[in-house]
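Asker: Take a look and give me a structure for this.
(one chain, ligands or ions: 1)
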Amino acid sequence: MVDLRVNIAGVELANPIMTASGTCGYATEYADFVDLTQLGAFVTKSITPAPRVGNPPDRIVETRAGMLNAIGLANVGLQRFLDEKIPELETLGLPVFVNVAGAYLEDYITVTEALADVPIVRGIELNISCPNVKEGGIAFGVDPRQVKLVTEAVKAVCGKNILIVKLSPNVTDIAETAAAAVEGGADALSLINTFTAMAIDVEKRRPLLANNTGGLSGPAIHPVAVYMVHRVYTRVARPAGVPLIAMGGVQYWRDAVEFLLAGATGVAVGAALFADPRCLLALRDGIAAYLDRQGAASVTDIIGTLRLN
Ligand SMILES: Cc1cc2nc3c(=O)[nH]c(=O)nc-3n(C[C@H](O)[C@H](O)[C@H](O)COP(=O)(O)O)c2cc1C
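Answerer: Residues are numbered from 1 along each chain as shown. Below is the predicted model:
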């Protein structure tokens with residue numbers, strides 16, 4: 001039996017597999033399709049202080065090798081999350097990482113503070129791909145200075161929870177924003193969020209998404225995500241001893257193993273869940289079989305062991 005346990009900044013996970021924020025709701029939505037208790041951790045949809053209805057439809061479009069979404073952070077808001085969703089999440093018996101979003105720095109602080117003493121919550125994942133309303137709508141996550149500021153401010157109110165900063169790929173060099181998050185006190189980094197993208201209905205000469213633009217995810221982004229994980233691991237995470245959670249186009253066990261070899265400790269799955277939620281367990285079992293074939297006793301034996309040509 002290979003040992004699949006990993007440790008993300010002090011949080012012990014039974015295996016590296018988790019859900020990617022926004023693609024598995026608050027867990028109950030998928031309860032009929034897959035036994036989520038078998039995961040390493042559960043990551044929630046982005047939570048904001050007030051409820052949000054999100055963008056009008058169409059807000060999801062399938063592309064040739066992925067999907068475009070412009071959900072607009074639709075969520076039940078902090079109070080309903082605490083009252084209704086936390087008790088449901090407790091039944092999973094897994095570490096829960098709550099993804100937190102906001103238009104202002106204060107939004108992140110409000111939600112993070114409210115979760116500091118909730119036992120089932122073990123980490124806050126900071127979605128910094130949101131436009132900062134105060135700074136003219138530029139996403140927090142594209143400016144290293146702002147990444148450091150928001151990380152520092154949120155870290156100060158995390159309490160027992162670890163702080164995972166989720167990096168945007170919509171930057172020139174993701175190692176710069178990764179370094180800023182680590183300087184700000186991030187306990188772990190997750191990457192990548194979606195790529196800003198557009199698809200056009202040529203007959204109507206209009207974008208397919210009501211929001212015009214959206215975020216690209218799925219198989220199309222996987223090799224770029226692997227490169228970014230490798231770059232962040234070698235430049236920032238390994239030297240600083242900060243664990244990485246990788247996501248972007250994971251569908252088969254091989255995709256997850258690529259991330260582990262490139263330096264990720266955890267692997268999250270998003271778009272692939274829409275086609276087959278059970279792929280989560282197939283991934284876990286595929287990693288175990290791979291480790292067995294490689295003669296590795298533990299998944300930690302292969303993390304970051306990529307050999308460059
Ligand atoms: C429909 C949908 C909704 C998403 N919602 C969120 C969200 O609320 N917060 C967030 O940080 N990321 C969100 N994401 C991004 C995913 O968590 C993930 O970073 C990205 O999709 C790449 O992984 P994948 O290719 O496996 O989907 C969303 C992605 C999709 C497809």
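
Asker: what's the burial count for Val242?
Answerer: Close neighbours of Val242, defined as other C-beta atoms under 10 Å, add up to 22. C-beta here means a position set from N, CA and C on the backbone, and glycine is covered the same way.

Asker: Contacts only, for it.
Answerer: Val242 makes contacts with 9, 182, 186-189, 236, as judged by C-beta atoms under 8 Å, 6 or more residues apart in numbering.

Asker: next one: Ala103
Answerer: The contact partners of Ala103, taken as C-beta under 8 Å, 6+ apart, are 130-133.

Asker: repeat for His222
Answerer: Taking C-beta under 8 Å, 6+ apart, we find His222 in contact with 248-250, 255, 258.

Asker: Leaving out the residues flanking it, which one is nearest to it?
Answerer: What sits nearest to His222 in space, not counting adjacent residues and going by C-beta to C-beta, 6 or more residues apart in numbering, is Gly249, at 2.9 Å.

Asker: Tell me which helix or strand that neighbour sits in.
Answerer: Assessed by DSSP states H and E, Gly249 sits outside every helix and strand.

Asker: That one contacts Val269, doesn't it?
Answerer: No - Gly249 is beyond contact range of Val269, at 9.3 Å (criterion: C-beta atoms under 8 Å).

Asker: ok, whatever residue of the chain ends up closest to the ligand - how many residues close by?
Answerer: In the chain, no residue comes nearer to the ligand than Gly22, which is 1.9 Å away by C-beta to the nearest ligand atom. Neighbour count of Gly22, defined by other C-beta under 10 Å: 23.

Asker: Tell me where the chain has helices.
Answerer: Ranges of helices in the chain, per DSSP state H, are 77-80, 86-90, 105-115, 144-155, 174-183, 222-232, 238-240, 253-262, 272-275, 279-294.

Asker: Quick check: which helices or strands does the third one pack against?
Answerer: Using 3 or more C-beta pairs under 8 Å, 6 or more residues apart in numbering; DSSP states H and E, the elements in contact with helix 105-115 are helix 77-80, strand 96-100, strand 121-127, helix 144-155.

Asker: How about the residues of the stretch 151-300 of the chain by the ligand?
Answerer: With C-beta under 6 Å from any ligand atom as the criterion, the stretch 151-300 of the chain meets the ligand at residues 166, 193-194, 217-218, 221, 247-250, 269-272.

Asker: For Ala271, grab the count of nearby residues.
Answerer: Residues lying near Ala271 (other C-beta under 10 Å) number 25.

Asker: Look up phi and psi at the nearest residue to it once chain neighbours are set aside.
Answerer: Leaving aside its chain neighbours, Ala271 sits nearest to Gly218 (3.9 Å; criterion: C-beta to C-beta, 6+ apart). For Gly218, the backbone dihedrals are phi 100, psi -170 (criterion: degrees, to the nearest 10).

Asker: Could you measure from Gly218 over to Phe259?
Answerer: Distance of Gly218 to Phe259, given as C-beta to C-beta, to the nearest Å: 15 Å.

Asker: I figured Leu209 hits Pro57, correct?
Answerer: No - if you go by C-beta under 8 Å, Leu209 and Pro57 don't touch, sitting 9.1 Å apart.

Asker: quick one: which of these two has more around it?
Answerer: Set side by side, Leu209 and Pro57 show more neighbours around Leu209, with 24 against 10, by other C-beta under 10 Å.
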